[in-house]
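Enquirer: here's a sequence, model it:
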Amino acid sequence: MRWAGGASEGGESEGRGLARRELALSLSEHARVQPERAPVVTRMLDLLAAPGAFSRLSLDPGHFTASAFVVCPEGRRLLLIHHAKLGRWLQPGGHIEPTDTSLLAAAEREAIEETGTLGLEPLCPGVFDVDVHLIAASSKEGAHAHFDVRYAFRAQTDRLVASAEVRAARWLEFGRVAELNPEESLVRCVDRLRFVRASELWTPTLVRKPEPR
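Expert: Take a look at the predicted model:
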């Protein structure tokens, strides 16, 4: 899995330049509005300057991934998947595919593929959260880090159809997320979703996109 642009699995392409600049600007803006995440953003910007930053074959120090924090239409529940390999309840997400035009697009695609959720709308502008976490070595690849860029969405329906990639998908009230997964990287995002839900960023009803003719 890799960044869009037509390069080989481990290579880069000229078409990635604009995407890199846009991502750098988005990450820098996130560090400005969420200064406590600035050290993580610095690590991401360093990786962004390196070849192979979006290739899953790059293991030193790692590569970018994208994930989605999706709330239900009422904004009181979070969409979680039971990860098949890790055996934990997490937000949808994964590696970058050749067809992804941005990390935002990758996060949305992963949420749709894994859970069948439809009609996702960005919940707030730009990057929602950033996290770097270690992936243990396996028989197929060595230990490395996932530089996870996270985006928040609101679903237009609570209908879910879990794919074969995950063990299960479910909506869970914000207050119960820590019961399934108390990891700080997940809990802090739930706290921020609560803030967004109570802020001027929240609208009672979604403005639905017109159906294509």
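Enquirer: packing partners for the helix or strand containing residue 29?
Expert: Using DSSP states H and E, residue 29 falls within helix 16-33. Where contact means 3 or more C-beta pairs under 8 Å, 6 or more residues apart in numbering; DSSP states H and E, helix 16-33 is packed against helix 38-48. C-beta here means a position set from N, CA and C on the backbone, and glycine is covered the same way.
Enquirer: okay, the angle between the helix it packs on and helix 16-33?
Expert: Orientation check (axes from the mean of the first three to the mean of the last three C-alpha atoms, to 10 degrees): helix 38-48 against helix 16-33 gives 170 degrees.
Enquirer: give me the distance between helix 38-48 and the centre of its chain.
Expert: Computed by C-alpha atoms, centre = their mean, to the nearest Å, the chain-centroid distance of helix 38-48 equals 16 Å.
Enquirer: and residue 178, how close does it get to residue 78?
Expert: Residue 178 sits 11 Å away from residue 78, taking C-beta to C-beta, to the nearest Å as the criterion.
Enquirer: what of residue 87?
Expert: Computed as C-beta to C-beta, the residue 87 to residue 78 distance reads 19 Å.
Enquirer: tell me which of these two has more neighbours.
Expert: Neighbours were counted for residue 87 and for residue 78 using other C-beta atoms under 10 Å; residue 78 has more, 23 against 8.
Enquirer: in which helix or strand does the more buried one reside?
Expert: Per DSSP H and E, residue 78 falls inside strand 77-83.
Enquirer: list the contacts of that strand.
Expert: Strand 77-83 is contacted from outside by 68-72, 88-92, 111, 114-115, 117, 155, 158, 160, 162, 166-174, 177, 180-181, 190, 193, using C-beta atoms under 8 Å, 6 or more residues apart in numbering.
Enquirer: tell me the first helix or strand C-terminal of that strand.
Expert: Where DSSP H and E defines the elements, the next helix or strand beyond strand 77-83 is strand 89-90.
Enquirer: pLDDT (mean, whole number) over the very next helix or strand once past that next one?
Expert: The helix or strand immediately downstream of strand 89-90 is strand 93-94, counting by DSSP H and E. The average pLDDT within strand 93-94 is 94.
Enquirer: again with stretch 191-201
Expert: Taken as a whole, stretch 191-201 has an average pLDDT of 88.
Enquirer: that stretch: which residues count as buried?
Expert: Residues 192-193, 196-197 are the ones in stretch 191-201 that count as buried (16 or more other C-beta atoms under 10 Å).
Enquirer: reformat those as JSON lines; add distance to residue 37 and secondary structure.
Expert: Below are those laid out as JSON lines (distance: C-beta to C-beta, whole Å; DSSP: H, G, I helix; E, B strand; the rest coil):
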{"residue": "192", "distance to residue 37": "11", "secondary structure": "helix"}
{"residue": "193", "distance to residue 37": "15", "secondary structure": "helix"}
{"residue": "196", "distance to residue 37": "16", "secondary structure": "helix"}
{"residue": "197", "distance to residue 37": "20", "secondary structure": "helix"}
